[in-house]
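Novice: coords below, sequence missing:
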């Protein structure tokens, strides 16, 4: 049972979803999403993805025919509750700092005996798809971390190095437009068009961003992960494509997560 | 398990093509920032890996303070920026403000999901207010509404042209793209943007 489910104890009806989408047609685009959000309250279509993720987590798969239930997300094998609030982190078994996506892929390889390529060739949905395995698993883990306090560790030297690298990448200007992450995300109360931009160098801004991903994107009807969000940022920077679970993406999440210390997880969020 | 089958079929087919790609989880020991980016990204369509190479200006302005260095470094970069500006050969700075407004509203261009055969946009509204009737404007840059009240003197034309062509002439670590020097926009598009800013009939100046 997902935490989203538990809150109201009812499954969201398709009818109410449609009504919510169609009702506010006449008002400005941004308000449609605001109104949709207000009408949905705690109900978030991500519950379907969360349930799917839980199924995938518990279903034996791969050559070893085992589930992911013994995967160690940082708080011990099989502990899912609160795990996302403390990722990325250093894993002794992998000898690497990993985010939730890298860790899931590691567990698929080591526990289930699967080949990472099978997942990495298409980690994220394209618009119109119904969701990927990775997206569903991340949704389930996020939901199990709902209301947990962000505490991304900095105890291990590799974690500290990763933060430093994340900071450097954050300010790295490149591409035909000379953009860095900082171009959009180092000032407070700024926006692009009408889209508010979190200042990821502050506790408040980083907290807002870190705790709201993964998120259900109303405009796409899909659950999107933090890895996808960074890939999308990189695209707008006119850079090549960030790969899921790669060091740069982990480093940026480390930078954001440590800056977000003390914020309260609220993912999967609901976004335009 | 229907879901997984759906996922794995195309995935397996592509996996064969992807060949020896492996999931790397090595830590960033003595890797430079660029090394980490190179190992974390793949080229996609027009977004090739050489875009991760920094020129002197990009490297100098990649820091939290957004300061390029000492006074001599700043002046050298500023001079380099100045030298990159190509003014219109026909001496005519002002195109069509209507087309300029389209360029200003267009956010496409040079992303991996953009069609390279279509013209790039300037995406000015992403960061600037221009036509006051357009409410969806960003605030990273200053408002340019009523920009034309400054007039159309030779000095004003050249200043504005250079500011769009390569803003680092005036502010070495400017956050604004070098629309001319980096060939994001064509000379005609730059002229049209100029008209949007400076033509008294442009909605920017109404």
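Specialist: Looks like it arrived, so ask away. These figures come from a predicted structure and were not determined experimentally.
Novice: alpha carbons only for contacts and neighbour counts from here, please
Specialist: Noted.
Novice: any idea which element the residue most central in space within chain B lies in?
Specialist: Centroid-nearest residue in chain B: residue B:177, 3.8 Å away (criterion: C-alpha atoms, centre = their mean). Under the criterion DSSP states H and E, no helix or strand holds residue B:177.
Novice: ok, residue B:66 next?
Specialist: Per DSSP H and E: nothing holds residue B:66, as it lies in no helix or strand.
Novice: model confidence for it, exactly?
Specialist: What the model reports for residue B:66 is a pLDDT of 93.
Novice: repeat for the one 4 residues further on
Specialist: Confidence at residue B:70, expressed as pLDDT, is 96.
Novice: same question for residue B:17.
Specialist: What the model reports as pLDDT for residue B:17 is 43.
Novice: what does residue A:1 give?
Specialist: Note for residue A:1: predicted pLDDT of 50.
Novice: repeat for the one 5 residues further on
Specialist: What the model reports as pLDDT for residue A:6 is 52.
Novice: in chain B, where is pLDDT below threshold?
Specialist: Applying pLDDT under 70 to chain B flags residues B:1-29.
Novice: ok, which stretches of it are helices?
Specialist: All helices of chain B, identified by DSSP state H, fall at B:2-18, B:33-40, B:56-60, B:71-84, B:97-105, B:154-165, B:187-198.
Novice: among those helices, which is the most enclosed?
Specialist: Comparing these by mean neighbour count (mean count of other C-alpha atoms under 10 Å in any protein chain shown), helix B:187-198 ranks first with a mean of 24.
Novice: and the contacts of it?
Specialist: By C-alpha atoms under 8 Å, 6 or more residues apart in numbering or on different chains, the residues outside helix B:187-198 that reach it are B:88, B:93-101, B:103-104, B:130, B:144, B:146-149, B:151-152, B:160-161, B:164-165, B:180, B:202-205.
Novice: just give me how far it sits from the chain centre.
Specialist: 16 Å (C-alpha atoms, centre = their mean, to the nearest Å).
Novice: repeat that for stretch A:151-164.
Specialist: Computed by C-alpha atoms, centre = their mean, the chain-centroid distance of stretch A:151-164 equals 19 Å.
Novice: and what of stretch A:145-155?
Specialist: Relative to the chain's own centre, stretch A:145-155 is displaced by 14 Å; criterion: C-alpha atoms, centre = their mean.
Novice: quick one: end-to-end distance for it.
Specialist: End-to-end distance for stretch A:145-155: 21 Å, by C-alpha to C-alpha, to the nearest Å.
Novice: for it, give the mean pLDDT please.
Specialist: According to the model, stretch A:145-155 has a mean pLDDT of 98.
Novice: which parts of stretch A:150-165 are buried?
Specialist: Within stretch A:150-165, the residues that qualify as buried are A:150-154, A:158-165, counting by 16 or more other C-alpha atoms under 10 Å in any protein chain shown.
Novice: ok, residues contacting it?
Specialist: With contact meaning C-alpha under 8 Å, 6+ apart, stretch A:150-165 is reached by A:85-90, A:96-97, A:211, A:248, A:250-252, A:254-255, A:257-258, A:260-265, B:27-28, B:33.
Novice: are any of these buried, and which?
Specialist: The neighbour-count criterion (16+ other C-alpha under 10 Å) marks A:85-90, A:96-97, A:211, A:248, A:250-252, A:254-255, A:257-258, A:260-265, B:27-28, B:33 among the contacts of stretch A:150-165 as buried.
Novice: so which of those residues belong to strands?
Specialist: The strands, defined by DSSP state E, take in A:89, A:90, A:96, A:97 from those.
Novice: looking at those, which is nearest chain B?
Specialist: The closest of those to chain B turns out to be residue A:96 (C-alpha to the nearest C-alpha; 5.7 Å).
Novice: looking at the closest one now. What's its pLDDT?
Specialist: Model confidence at residue A:96, given as pLDDT, is 98.
Novice: wait, it sits on residue A:90?
Specialist: Yes: with contact defined as C-alpha atoms under 8 Å, residue A:96 reaches residue A:90; the gap is 5.5 Å.
Novice: show me where the stretch 1-150 of chain A has helices.
Specialist: When assigned using DSSP state H, counting those that start in this stretch, the helices of the stretch 1-150 of chain A occupy the ranges A:3-8, A:14-22, A:29-40, A:46-58, A:100-110, A:116-120, A:133-143.
Novice: least confident of the ones you listed, on average?
Specialist: Note on the helices of the stretch 1-150 of chain A: lowest mean pLDDT is at helix A:14-22, with a mean of 41.
Novice: now do the contacts for residue A:74.
Specialist: A:83, A:86, A:87, A:89, A:91.
Novice: determine which two of the ones in strands among the buried ones among the contacts of stretch A:150-165 are furthest apart.
Specialist: Across those, no pair lies farther apart than A:89 and A:96, at 8.2 Å, counting by C-alpha to C-alpha.
Novice: gap between residue A:189 and chain B?
Specialist: Separation of residue A:189 from chain B (C-alpha to the nearest C-alpha, to the nearest Å) stands at 9 Å.
Novice: pretty sure that residue contacts residue A:197?
Specialist: Yes: under the criterion of C-alpha under 8 Å, residue A:189 makes contact with residue A:197 at 7.0 Å.
Novice: how about the contacts made by residue 170?
Specialist: Just going to use chain A. Applying C-alpha under 8 Å, 6+ apart, we find residue A:170 in contact with A:180, A:181, A:182, A:252.
Novice: let me rephrase: I mean chain B.
Specialist: Counting by C-alpha under 8 Å, 6+ apart, residue B:170 touches B:78, B:163.
Novice: once you drop chain neighbours, what's closest to residue A:173?
Specialist: Excluding the flanking residues, the one nearest residue A:173 by C-alpha to C-alpha, 6 or more residues apart in numbering or on different chains is residue A:180, at 4.4 Å.
Novice: now swap in residue A:265 and tell me
Specialist: Nearest residue to residue A:265, sequence neighbours excluded (C-alpha to C-alpha, 6+ apart): residue A:211, at 4.4 Å.
Novice: likewise for residue B:48?
Specialist: Using C-alpha to C-alpha, 6+ apart, the closest residue to residue B:48 is residue A:240 (5.8 Å).
Novice: count the neighbours of that neighbour for me.
Specialist: 28 (other C-alpha atoms under 10 Å in any protein chain shown).
Novice: pretty sure it contacts residue B:40?
Specialist: No: in this structure residue A:240 lies outside contact range of residue B:40 using C-alpha under 8 Å: 9.5 Å.
Novice: and for the two, which residues touch both?
Specialist: Counting by C-alpha under 8 Å, 6+ apart, nothing touches both residue A:240 and residue B:40.
Novice: relative to chain A, how far out is residue B:176?
Specialist: Here residue B:176 is placed at a distance of 8 Å from chain A (C-alpha to the nearest C-alpha).
Novice: which residues touch that residue?
Specialist: A:177, A:178, B:167.
Novice: how near is it to residue B:170?
Specialist: The gap separating residue B:176 from residue B:170 is 11 Å, by C-alpha to C-alpha.
Novice: same deal with residue B:121?
Specialist: For residue B:121, the distance to residue B:170 (C-alpha to C-alpha) stands at 23 Å.
Novice: who in the stretch 151-272 of chain A is up against chain B?
Specialist: A:158, A:161-162, A:165, A:168-169, A:171-180, A:183-184, A:190-195, A:235-243, A:246-249 (C-alpha under 8 Å from any C-alpha of the partner chain).
Novice: please consider this matter closed, and thank you.
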